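Colleague: Just the structure for this:
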Amino acid sequence: MKKILLLSLALIVIMATSAFAKNAPESVAGITIGENISTIRSILDMDSARSPWQEEYIKRIGIKKLEGYNGGYVVVGDCNRKDTILRLKLKYSDSSLTFFNNIYGMLEKRFGKPNDWRGNPFGTLKVWKWSLNDDLGNVSLILQHFSGNDDSINNGNSIRISRPSWIKDEKKCWEEANPEPKTPSIPAKMKGMSWFIPY
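Modeller: Predicted structure coming up:
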């Protein structure tokens with residue numbers, strides 16, 4: 001009896017894991033995580049390709065304006081997964097809260113309730129994050145709405161998909177191939193905490 005119960009539980013776990021694996025998203029608007037950028041070269045602004053500061057292991061490339069979207073970008077590997085899409089972000093043309101809520105409802109229906117809320121208490125920033133998995137690893141899905149006055153955050157609605165473990169792998173690959181030279185720091189010109197405070 002115990003064996004049958006254990007086998008039944010194992011089968012349920014396997015089936016649930018299989019269904020969950022198929023549930024993780026990979027694509028938005030024809031752009032797919034894990035594919036080479038050659039598959040979407042026609043929509044990329046290759047002149048914009050840059051490595052963010054202190055992130056030489058990846059390159060960020062702008063996406064041209066697509067129907068229904070006001071641009072965005074892809075992040076590709078530059079070491080172990082060179083030119084492979086690791087992250088994408090697209091900004092929706094419709095910046096309304098109604099559109100955001102509609103997209104959220106569709107995502108919740110497809111992927112379940114999100115794992116994390118990252119909004120602010122003022123209601124100007126609304127961020128929902130899903131942490132999903134498939135047979136290739138973890139997938140992060142983030143839906144965001146912003147309607148405030150912070151220049152560091154784009155107003156409107158955006159969606160992001162990434163594979164965080166792949167990005168960590170790229171960083172490790174780059175650091176192993178390009179060890180940082182040990183050079184002495186330039187001495188502080190002020191004593192105490194004054195060195196750390198704007199003046």
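
Colleague: At which residues are the helices of the chain located?
Modeller: With DSSP state H, the ranges of helices along the chain come out as 2-23, 97-111, 164-177.

Colleague: any low-confidence regions in this protein?
Modeller: Scanning the chain for pLDDT under 70 picks out the ranges 1-22.

Colleague: So which residue is dead centre in it?
Modeller: Against the mean C-alpha coordinate of the chain, by Cα atoms, centre = their mean, the closest residue is Ser162 at 3.7 Å.

Colleague: Spatially nearest residue to Ser48 (excluding sequence neighbours)?
Modeller: Gly62 (3.8 Å; Cβ to Cβ, 6 or more residues apart in numbering). Any C-beta I mention is one placed from the backbone N, CA and C, and that applies to glycine too.

Colleague: Make sure that neighbour is actually in contact with Ile43.
Modeller: No: with contact defined as Cβ atoms under 8 Å, Gly62 and Ile43 do not form a contacting pair (9.8 Å).

Colleague: my guess is Asn36 contacts Lys82, does it?
Modeller: No: between Asn36 and Lys82 there is no contact, the gap being 9.0 Å when judged by Cβ under 8 Å.

Colleague: anything in contact with each of these two?
Modeller: Common neighbours of Asn36 and Lys82 are not found (criterion: Cβ atoms under 8 Å, 6 or more residues apart in numbering).

Colleague: who touches the closest residue to Trp174 other than its chain neighbours in this structure?
Modeller: Spatial nearest neighbour of Trp174, excluding adjacent residues (Cβ to Cβ, 6+ apart): Tyr57 at 3.4 Å. Contact partners of Tyr57, counting by Cβ under 8 Å, 6+ apart, are 51, 77-79, 170-171, 173-175.

Colleague: show me what contacts the residue nearest to the centre of the chain?
Modeller: Remark: with contacts taken as Cβ under 8 Å, 6+ apart, Ser162 is in contact with 33, 75, 86-88, 139-140.
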